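Peer 1: Sharing a model that was predicted from the sequence below.
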Amino acid sequence: MKRVLSVATSDSGAGAGIQADLKAFLRCGVYGTTAVVATTAQNTVGVTDIYPFPPGVAVGQIEAVAEDIGVDAVKTGMLFNAGIISAVAGAVRRLGLPNLVVDPVMVAESGAELLEPAAVETYKEELFPLARVLTPNVNEAFALLGEPVDEGGIEDCAAALLELGPEAVVVTGGHTSAGADLLYDGLRFERIEGPVHSSQNTHGAGCTHSSALASFLARGFGLLEAARRAREVASEAVGYGLAEIGAGAGPVHALGGVLERGGR
Ligand SMILES: Nc1ncnc2c1ncn2[C@@H]1O[C@H](COP(=O)(O)OP(=O)(O)OP(=O)(O)O)[C@@H](O)[C@H]1O
Ligand SMILES: Cc1ncc(CO)c(N)n1
């Protein structure tokens, strides 16, 4: 069983964050472990509190997991501030953790700010250069580059993001009309297409995608195949999204397809 570590934040509503990551790991056939760096008081409607732990709390969890269980891939999600990003980057480098997927979480589906603005520079200087893949959505790509991204300009945007140091970039397309993800590895652009669901129940789609991508890299798939499978898993989770949970954008359901195919 391959082992994938999520370094991310708790979502009390369990649609996104650490909770979504564990569901995605189960869906993708890997053993998931977690380093919780902060908590949010959050539901499908909004975020009412963010409580970041001191950076050393993240490092202690990463070391405990790495020393005993081991790590075949790492996914980072909401890291919230510069101190946490810097500590996580230091631990990943020192422990030589492989297959780092960085999901630069900045804004929740509900509109809440999930990253202190001053932390963007720390991301660029310390964590992005360690990443095997960076997985912004189009809005995060815009915020990172500081310039508007229209749908025709996503290739230029992916190329500019690659300059920040990751080995590859997947700009996720959930907020575009075509709904395709775009992979760029410095050599080729690959559009990753698939079904587009009209569902509003997308809370946690990005977390599910980056966790699935890390899982498939841990399992040894090449980057393009891992990215294709990650889109399939995220898209299916959106398709089975749970409208009946909460009054806002419902949580994705990573295991919906598996349970239905199993006849339950
Ligand atoms: N309506 C949809 N139908 C099919 N696939 C979708 C849909 N929305 C998102 N996806 C897929 O889910 C993954 C995450 O994409 P998205 O761009 O929505 O991330 P995000 O905005 O970071 O998510 P989040 O809502 O968790 O912040 C991508 O692979 C994307 O293609
Ligand atoms: C904890 C957490 N991580 C990530 C996201 C992004 O969807 C969220 N809303 N909450």
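Peer 2: Okay, I see it. Ligands and ions are numbered 1, 2, ... in the order given.
Peer 1: quick one: the strands in the stretch 51-200 of the chain?
Peer 2: With strands called from DSSP state E, counting those that start in this stretch, the stretch 51-200 of the chain shows them at 73-76, 100-102, 133-134, 168-171, 181-184, 189-192.
Peer 1: Residues contacting the first one, please?
Peer 2: Outside of strand 73-76, the residues within contact range by CB atoms under 8 Å, 6 or more residues apart in numbering are 2, 4-8, 21, 30, 88, 92, 97-103, 127, 210-211, 213-215, 217-218. To be clear about C-beta, it is placed using only N, CA and C from the backbone, and glycine gets the same treatment.
Peer 1: that older thread, distance to residue 202 for the strands of the stretch 51-200 of the chain - can I get that in a markdown table?
Peer 2: Listed next are the strands of the stretch 51-200 of the chain as a markdown table, based on distance: least, CB to CB, whole Å:
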| stretch | distance to residue 202 |
| --- | --- |
| strand 73-76 | 18 |
| strand 100-102 | 19 |
| strand 133-134 | 20 |
| strand 168-171 | 16 |
| strand 181-184 | 14 |
| strand 189-192 | 17 |
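Peer 1: got the contact list for the nearest residue to residue 191 once chain neighbours are set aside?
Peer 2: Counting by CB to CB, 6 or more residues apart in numbering, residue 191 lies nearest to residue 180, which is 4.8 Å off, once chain neighbours are set aside. Contacts for residue 180 (CB under 8 Å, 6+ apart) come out as 173, 191, 192, 193, 194.
Peer 1: any idea which of those has the most stuff around it?
Peer 2: With neighbours defined as other CB atoms under 10 Å, the most crowded of those is residue 173; it has 22 neighbours.
Peer 1: Checking my notes, residue 211 in a strand, right?
Peer 2: No. Applying DSSP: H, G, I helix; E, B strand; the rest coil, one finds residue 211 to be helix, outside a strand.
Peer 1: re the thing from before, from the contacts of strand 73-76, keep the buried residues only.
Peer 2: Listed as buried from these are 2, 4-8, 21, 30, 88, 92, 97, 99-103, 127, 210-211, 213-215, 217-218; burial here means 16 or more other CB atoms under 10 Å.
Peer 1: Narrow these to those in helices?
Peer 2: 21, 88, 92, 210, 211, 213, 214, 215, 217, 218 (DSSP state H).
Peer 1: among the residues you listed, which two are most distant?
Peer 2: Using CB to CB, those reach their maximum pairwise distance at 88 and 215, which is 19.1 Å.
Peer 1: per-residue pLDDT, the residue of the stretch 1-150 of the chain found nearest ligand 1?
Peer 2: Of all residues in the stretch 1-150 of the chain, the one sitting closest to ligand 1 is residue 137 (3.5 Å; CB to the nearest ligand atom). Looking at residue 137, its pLDDT reads 94.
Peer 1: ok, it - how many residues close by?
Peer 2: Neighbour number of residue 137 under other CB under 10 Å is 24.
Peer 1: tell me the helices in this structure, going along the chain?
Peer 2: Assigned by DSSP H, the helices in the chain fall at 17-27, 55-68, 82-95, 119-122, 138-145, 154-162, 205-218, 223-239, 256-261.
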